[in-house]
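[1] missing the sequence, but the structure's below:
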(Lines give C-alpha, C1' and ligand atoms only; values in the text may rest on other atoms or scores of the structure.)
Protein backbone atom coordinates (compact mmCIF):
# COMPACT_ATOMS: atom_id res chain seq x y z
CA UNK A 1 0.00 0.00 0.00
CA UNK A 2 1.44 3.40 -0.99
CA UNK A 3 0.67 5.39 2.14
CA UNK A 4 2.73 8.54 1.54
CA UNK A 5 1.19 9.43 -1.88
CA UNK A 6 -2.25 9.01 -0.29
CA UNK A 7 -1.32 11.33 2.57
CA UNK A 8 0.07 13.93 0.17
CA UNK A 9 -3.08 13.78 -1.94
CA UNK A 10 -5.32 14.17 1.10
CA UNK A 11 -3.23 17.09 2.42
CA UNK A 12 -3.41 18.90 -0.94
CA UNK A 13 -7.15 18.26 -1.21
CA UNK A 14 -7.64 19.67 2.29
CA UNK A 15 -5.76 22.88 1.43
CA UNK A 16 -7.70 23.33 -1.82
CA UNK A 17 -11.01 22.84 0.02
CA UNK A 18 -10.06 25.28 2.80
CA UNK A 19 -9.10 27.90 0.24
CA UNK A 20 -12.63 27.89 -1.19
CA UNK A 21 -13.92 28.90 2.24
CA UNK A 22 -12.16 32.25 1.80
CA UNK A 23 -14.01 33.14 -1.40
CA UNK A 24 -16.60 35.90 -0.93
CA UNK A 25 -16.34 35.77 2.86
CA UNK A 26 -17.62 39.23 3.84
CA UNK A 27 -17.93 38.87 7.64
CA UNK A 28 -16.33 36.48 10.13
CA UNK A 29 -16.82 37.00 13.86
CA UNK A 30 -15.15 34.40 16.06
CA UNK A 31 -16.78 36.03 19.12
CA UNK A 32 -13.78 35.24 21.30
CA UNK A 33 -12.31 37.91 23.55
CA UNK A 34 -13.06 40.64 21.01
CA UNK A 35 -15.65 41.51 18.36
CA UNK A 36 -13.17 41.85 15.50
CA UNK A 37 -14.06 40.88 11.94
CA UNK A 38 -11.60 38.33 10.52
CA UNK A 39 -12.79 38.89 6.93
CA UNK A 40 -11.27 41.35 4.46
CA UNK A 41 -13.85 43.98 5.49
CA UNK A 42 -12.39 44.22 9.01
CA UNK A 43 -15.48 45.86 10.57
CA UNK A 44 -15.33 45.56 14.36
CA UNK A 45 -18.69 44.98 16.03
CA UNK A 46 -20.04 46.91 19.02
CA UNK A 47 -21.48 44.80 21.82
CA UNK A 48 -24.36 45.77 24.10
CA UNK A 49 -24.80 43.62 27.18
CA UNK A 50 -23.13 40.51 25.74
CA UNK A 51 -21.05 38.34 28.07
CA UNK A 52 -18.10 36.03 27.35
CA UNK A 53 -19.00 32.36 27.51
CA UNK A 54 -17.61 28.87 26.82
CA UNK A 55 -17.76 28.27 23.07
CA UNK A 56 -17.50 25.28 20.76
CA UNK A 57 -13.77 25.14 21.53
CA UNK A 58 -14.87 24.16 25.11
CA UNK A 59 -12.74 26.92 26.65
CA UNK A 60 -13.68 30.18 28.36
CA UNK A 61 -14.12 33.43 26.43
CA UNK A 62 -14.68 31.76 23.06
CA UNK A 63 -18.34 32.68 22.46
CA UNK A 64 -20.86 35.32 23.49
CA UNK A 65 -23.89 34.90 25.73
CA UNK A 66 -27.07 36.92 25.05
CA UNK A 67 -29.68 37.54 27.76
CA UNK A 68 -32.79 37.51 25.55
CA UNK A 69 -33.84 40.96 26.75
CA UNK A 70 -31.53 43.72 25.53
CA UNK A 71 -28.13 42.28 24.52
CA UNK A 72 -26.87 42.23 20.92
CA UNK A 73 -23.92 43.07 18.65
CA UNK A 74 -24.08 45.86 16.06
CA UNK A 75 -22.05 45.09 12.91
CA UNK A 76 -22.65 48.53 11.29
CA UNK A 77 -24.82 49.61 8.36
CA UNK A 78 -22.30 48.38 5.77
CA UNK A 79 -24.26 45.84 3.68
CA UNK A 80 -21.05 44.01 2.63
CA UNK A 81 -22.21 44.10 -0.98
CA UNK A 82 -24.92 41.50 -0.46
CA UNK A 83 -27.63 41.63 -3.11
CA UNK A 84 -29.05 38.45 -4.64
CA UNK A 85 -27.31 35.62 -2.76
CA UNK A 86 -25.99 34.95 0.73
CA UNK A 87 -24.87 32.27 3.17
CA UNK A 88 -25.13 32.84 6.94
CA UNK A 89 -23.46 30.33 9.26
CA UNK A 90 -23.33 30.15 13.08
CA UNK A 91 -23.19 27.87 16.10
CA UNK A 92 -26.02 28.38 18.60
CA UNK A 93 -27.04 27.07 22.02
CA UNK A 94 -30.42 27.83 23.61
CA UNK A 95 -33.35 26.35 25.49
CA UNK A 96 -35.81 29.13 24.63
CA UNK A 97 -38.92 28.49 22.51
CA UNK A 98 -39.55 32.06 21.37
CA UNK A 99 -38.87 33.45 17.89
CA UNK A 100 -35.32 34.81 18.21
CA UNK A 101 -32.87 36.20 15.67
CA UNK A 102 -29.28 34.98 15.37
CA UNK A 103 -28.19 37.31 12.53
CA UNK A 104 -30.38 39.88 10.81
CA UNK A 105 -30.35 42.64 8.23
CA UNK A 106 -34.07 42.83 7.65
CA UNK A 107 -36.49 45.68 6.94
CA UNK A 108 -40.10 44.61 6.54
CA UNK A 109 -41.61 48.08 6.00
CA UNK A 110 -39.71 50.84 4.15
CA UNK A 111 -37.33 48.66 2.10
CA UNK A 112 -39.30 45.40 2.21
CA UNK A 113 -35.96 43.66 1.79
CA UNK A 114 -33.40 41.81 3.80
CA UNK A 115 -32.63 38.49 5.47
CA UNK A 116 -32.33 36.82 8.84
CA UNK A 117 -31.13 33.56 10.39
CA UNK A 118 -33.30 32.69 13.37
CA UNK A 119 -34.93 30.11 15.62
CA UNK A 120 -38.65 29.73 16.22
CA UNK A 121 -39.88 27.21 18.81
CA UNK A 122 -36.45 25.64 18.54
CA UNK A 123 -36.56 25.19 14.75
CA UNK A 124 -33.86 26.91 12.69
CA UNK A 125 -34.93 29.08 9.75
CA UNK A 126 -33.66 31.39 7.05
CA UNK A 127 -36.13 34.12 6.16
CA UNK A 128 -36.63 37.58 4.72
CA UNK A 129 -38.09 39.69 1.94
CA UNK A 130 -36.85 40.13 -1.60
CA UNK A 131 -38.25 43.51 -2.62
CA UNK A 132 -41.59 45.26 -2.97
CA UNK A 133 -42.86 42.88 -5.65
CA UNK A 134 -42.22 39.70 -3.64
CA UNK A 135 -43.80 38.22 -0.56
CA UNK A 136 -42.15 37.22 2.71
CA UNK A 137 -40.26 33.89 2.49
CA UNK A 138 -38.91 31.60 5.17
CA UNK A 139 -37.44 28.09 5.10
CA UNK A 140 -37.74 26.11 8.36
CA UNK A 141 -35.70 23.13 9.55
CA UNK A 142 -37.12 19.70 10.37
CA UNK A 143 -35.06 19.41 13.58
CA UNK A 144 -35.81 21.16 16.86
CA UNK A 145 -32.52 22.21 18.46
CA UNK A 146 -33.38 24.18 21.62
CA UNK A 147 -31.99 21.42 23.85
CA UNK A 148 -29.23 23.43 25.52
CA UNK A 149 -26.47 21.91 23.37
CA UNK A 150 -24.37 23.49 20.64
CA UNK A 151 -25.79 23.12 17.11
CA UNK A 152 -24.52 24.30 13.77
CA UNK A 153 -27.03 26.15 11.55
CA UNK A 154 -26.63 27.71 8.12
CA UNK A 155 -29.01 29.36 5.68
CA UNK A 156 -28.48 30.09 1.99
CA UNK A 157 -30.36 32.24 -0.51
CA UNK A 158 -29.71 32.37 -4.24
CA UNK A 159 -32.32 33.97 -6.48
CA UNK A 160 -35.55 32.15 -5.60
CA UNK A 161 -34.03 29.16 -3.75
CA UNK A 162 -33.83 29.27 0.08
CA UNK A 163 -32.16 26.44 2.06
CA UNK A 164 -31.63 25.65 5.75
CA UNK A 165 -28.94 23.31 7.15
CA UNK A 166 -28.69 21.90 10.68
CA UNK A 167 -25.67 19.98 12.02
CA UNK A 168 -24.23 19.44 8.52
CA UNK A 169 -27.46 18.24 6.90
CA UNK A 170 -29.71 20.04 4.41
CA UNK A 171 -33.09 19.88 6.17
CA UNK A 172 -35.39 21.94 3.95
CA UNK A 173 -35.59 24.16 0.88
CA UNK A 174 -38.20 26.61 -0.35
CA UNK A 175 -38.75 28.24 -3.74
CA UNK A 176 -40.08 31.79 -3.63
CA UNK A 177 -42.22 33.56 -6.22
CA UNK A 178 -39.30 35.73 -7.41
CA UNK A 179 -36.80 34.65 -10.01
CA UNK A 180 -34.40 37.41 -8.91
CA UNK A 181 -33.99 39.09 -5.53
CA UNK A 182 -32.54 42.19 -3.90
CA UNK A 183 -31.64 41.61 -0.26
CA UNK A 184 -29.87 44.93 0.41
CA UNK A 185 -31.34 47.28 3.03
CA UNK A 186 -30.44 50.52 4.79
CA UNK A 187 -30.60 48.84 8.20
CA UNK A 188 -27.59 47.67 10.24
CA UNK A 189 -26.56 44.02 10.51
CA UNK A 190 -27.07 42.70 14.04
CA UNK A 191 -26.14 39.53 15.88
CA UNK A 192 -28.67 38.54 18.52
CA UNK A 193 -31.64 40.73 17.57
CA UNK A 194 -33.75 42.38 14.84
CA UNK A 195 -33.02 46.11 14.47
CA UNK A 196 -36.26 47.35 12.90
CA UNK A 197 -38.87 45.60 15.07
CA UNK A 198 -41.97 47.62 14.02
CA UNK A 199 -44.06 46.03 16.79
CA UNK A 200 -41.44 46.76 19.45
CA UNK A 201 -40.34 43.12 19.64
CA UNK A 202 -36.67 42.98 18.66
CA UNK A 203 -36.54 39.15 18.70
CA UNK A 204 -33.61 39.17 21.15
CA UNK A 205 -31.65 35.90 21.25
CA UNK A 206 -31.56 34.06 24.58
CA UNK A 207 -28.51 31.81 24.73
CA UNK A 208 -25.02 31.62 23.29
CA UNK A 209 -23.72 32.26 19.75
CA UNK A 210 -20.33 31.35 18.32
CA UNK A 211 -18.42 31.58 15.01
CA UNK A 212 -20.64 33.77 12.80
CA UNK A 213 -19.73 33.78 9.10
CA UNK A 214 -21.46 35.63 6.24
CA UNK A 215 -20.76 35.13 2.52
CA UNK A 216 -22.11 37.10 -0.41
CA UNK A 217 -22.59 33.86 -2.32
CA UNK A 218 -24.40 30.55 -1.92
CA UNK A 219 -22.07 27.93 -0.46
CA UNK A 220 -22.28 24.38 -1.77
CA UNK A 221 -23.41 21.54 0.47
CA UNK A 222 -19.79 20.33 0.54
CA UNK A 223 -18.62 23.71 1.81
CA UNK A 224 -21.39 23.75 4.42
CA UNK A 225 -20.15 20.36 5.62
CA UNK A 226 -16.63 21.78 5.89
CA UNK A 227 -17.89 24.65 8.04
CA UNK A 228 -19.90 22.28 10.20
CA UNK A 229 -16.77 20.14 10.50
CA UNK A 230 -14.90 23.12 11.95
CA UNK A 231 -12.41 23.26 9.07
CA UNK A 232 -12.97 27.03 8.94
CA UNK A 233 -11.29 27.59 12.30
CA UNK A 234 -8.06 28.32 10.39
CA UNK A 235 -9.88 30.27 7.71
CA UNK A 236 -7.43 33.16 8.06
CA UNK A 237 -5.25 31.25 5.60
CA UNK A 238 -4.21 27.67 4.98
CA UNK A 239 -1.10 26.82 6.97
CA UNK A 240 1.43 24.07 6.43
CA UNK A 241 0.65 21.04 8.60
CA UNK A 242 2.67 20.83 11.77
CA UNK A 243 4.67 17.76 12.74
CA UNK A 244 1.79 16.14 14.59
CA UNK A 245 -0.73 16.69 11.79
CA UNK A 246 1.62 15.16 9.22
CA UNK A 247 1.70 11.89 11.14
CA UNK A 248 -1.85 10.78 10.52
CA UNK A 249 -4.64 10.88 7.95
CA UNK A 250 -8.28 10.33 8.93
CA UNK A 251 -10.79 9.70 6.15
CA UNK A 252 -13.47 10.03 5.01
CA UNK A 253 -14.34 13.07 7.10
CA UNK A 254 -17.31 13.49 7.45
CA UNK A 255 -18.33 9.83 7.71
CA UNK A 256 -21.54 8.05 8.63
CA UNK A 257 -20.09 4.79 9.97
CA UNK A 258 -16.31 4.31 9.93
CA UNK A 259 -13.24 6.57 10.01
CA UNK A 260 -10.04 5.06 8.60
CA UNK A 261 -6.81 6.03 10.33
CA UNK A 262 -3.46 5.86 8.47
CA UNK A 263 -0.13 6.80 10.07
CA UNK A 264 2.87 7.76 7.95
CA UNK A 265 5.02 5.86 10.45
CA UNK A 266 4.45 2.20 9.54
CA UNK A 267 5.84 1.11 12.92
CA UNK A 268 2.67 2.35 14.64
CA UNK A 269 0.47 -0.73 14.91
CA UNK A 270 -2.11 0.33 17.48
CA UNK A 271 -3.53 3.46 19.09
CA UNK A 272 -5.95 4.46 21.83
CA UNK A 273 -8.71 6.92 20.96
CA UNK A 274 -11.39 8.97 22.71
CA UNK A 275 -14.17 11.01 21.12
CA UNK A 276 -15.50 14.09 22.93
CA UNK A 277 -18.63 16.03 22.01
CA UNK A 278 -18.58 19.83 21.86
CA UNK A 279 -19.57 20.02 25.54
CA UNK A 280 -16.39 18.10 26.43
CA UNK A 281 -18.15 14.83 27.30
CA UNK A 282 -16.48 11.48 26.57
CA UNK A 283 -18.84 9.67 24.16
CA UNK A 284 -16.70 6.88 22.70
CA UNK A 285 -13.31 5.32 23.42
CA UNK A 286 -11.32 2.26 22.50
CA UNK A 287 -8.19 0.75 20.96
CA UNK A 288 -7.69 0.10 17.26
CA UNK A 289 -5.11 -0.51 14.56
CA UNK A 290 -6.82 1.12 11.58
CA UNK A 291 -10.48 2.13 12.00
CA UNK A 292 -12.85 3.92 14.38
CA UNK A 293 -16.45 2.77 14.17
CA UNK A 294 -19.00 5.47 15.05
CA UNK A 295 -22.37 3.85 14.29
CA UNK A 296 -23.32 4.00 17.96
CA UNK A 297 -23.05 7.79 18.44
CA UNK A 298 -25.39 10.56 17.22
CA UNK A 299 -24.59 12.69 14.18
CA UNK A 300 -22.61 15.81 15.00
CA UNK A 301 -19.13 17.29 15.39
CA UNK A 302 -16.59 15.70 17.73
CA UNK A 303 -13.02 16.11 18.93
CA UNK A 304 -10.94 12.96 18.41
CA UNK A 305 -7.92 12.49 20.69
CA UNK A 306 -5.39 9.70 20.05
CA UNK A 307 -2.32 8.42 21.85
CA UNK A 308 -0.03 5.44 21.79
CA UNK A 309 3.55 4.28 21.45
CA UNK A 310 5.34 6.40 18.85
CA UNK A 311 2.41 8.86 18.64
CA UNK A 312 2.69 12.44 19.80
CA UNK A 313 -0.52 13.51 21.62
CA UNK A 314 -2.88 14.86 18.97
CA UNK A 315 -6.47 15.83 18.39
CA UNK A 316 -8.59 16.20 15.26
CA UNK A 317 -12.04 17.58 14.53
CA UNK A 318 -14.29 14.95 12.88
CA UNK A 319 -17.93 14.94 11.82
CA UNK A 320 -20.38 12.02 12.08
CA UNK A 321 -23.21 12.41 9.57
CA UNK A 322 -26.51 10.57 9.23
CA UNK A 323 -26.20 7.26 7.39
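    Sure, I can see it. Model, not experiment: these values are computed from the prediction. Residues are numbered from 1 along each chain as shown.
[2] ok, residue 121 touching residue 143?
    No: using C-beta atoms under 8 Å, residue 121 makes no contact with residue 143, being 11.8 Å away. To be clear about C-beta, it is placed using only N, CA and C from the backbone, and glycine gets the same treatment.
[3] Please give me every residue in contact with residue 276.
    Residues near residue 276 by C-beta atoms under 8 Å, 6 or more residues apart in numbering: 58, 282-283, 302-303, 305.
[4] Just the buried subset of those, written out for ChimeraX, thanks.
    Selecting only the buried entries of the contacts of residue 276 in ChimeraX, with 16 or more other C-beta atoms under 10 Å as the criterion:
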select :283,302,303,305
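[5] Please identify which of the contacts of residue 276 is nearest to residue 290.
    Nearest to residue 290 among the contacts of residue 276 is residue 305, at 17.4 Å by C-beta to C-beta.
[6] Quick check, pLDDT for residue 315.
    With respect to pLDDT, residue 315 scores 71.
[7] quick one: it and residue 302 touch, right?
    No: using C-beta under 8 Å, residue 315 makes no contact with residue 302, being 10.2 Å away.
[8] Now the element after the helix or strand bottoming out on mean pLDDT in the chain, going C-ward?
    Sorting the helices and strands of the chain by mean pLDDT, DSSP states H and E puts helix 243-246 at the bottom, at a mean of 38. Once the chain leaves helix 243-246, the next helix or strand it forms, by DSSP states H and E, is strand 248-251.
[9] averaged over its residues, what pLDDT does that next one have?
    Strand 248-251 shows a mean pLDDT of 79.
[10] Out of the contacts of residue 276, which two sit at the greatest distance?
    58 and 283 (13.3 Å).
[11] and residue 226, helix, strand or coil?
    Taking DSSP: H, G, I helix; E, B strand; the rest coil as the rule, one finds residue 226 in the helix state.
[12] That one and residue 113, how far apart?
    29 Å (C-beta to C-beta, to the nearest Å).
[13] How about residue 203?
    According to C-beta to C-beta, residue 203 and residue 113 sit 17 Å apart.
[14] same deal with residue 321?
    In terms of C-beta to C-beta, residue 321 sits 35 Å off from residue 113.
[15] where along the stretch 101-250 of the chain do the helices fall?
    221-228, 243-246 (DSSP state H, counting those that start in this stretch).
[16] what is the rounded mean pLDDT of stretch 117-133?
    Per-residue pLDDT over stretch 117-133 has a mean of 86.
[17] how far does that stretch sit from the chain's center?
    17 Å (C-alpha atoms, centre = their mean, to the nearest Å).
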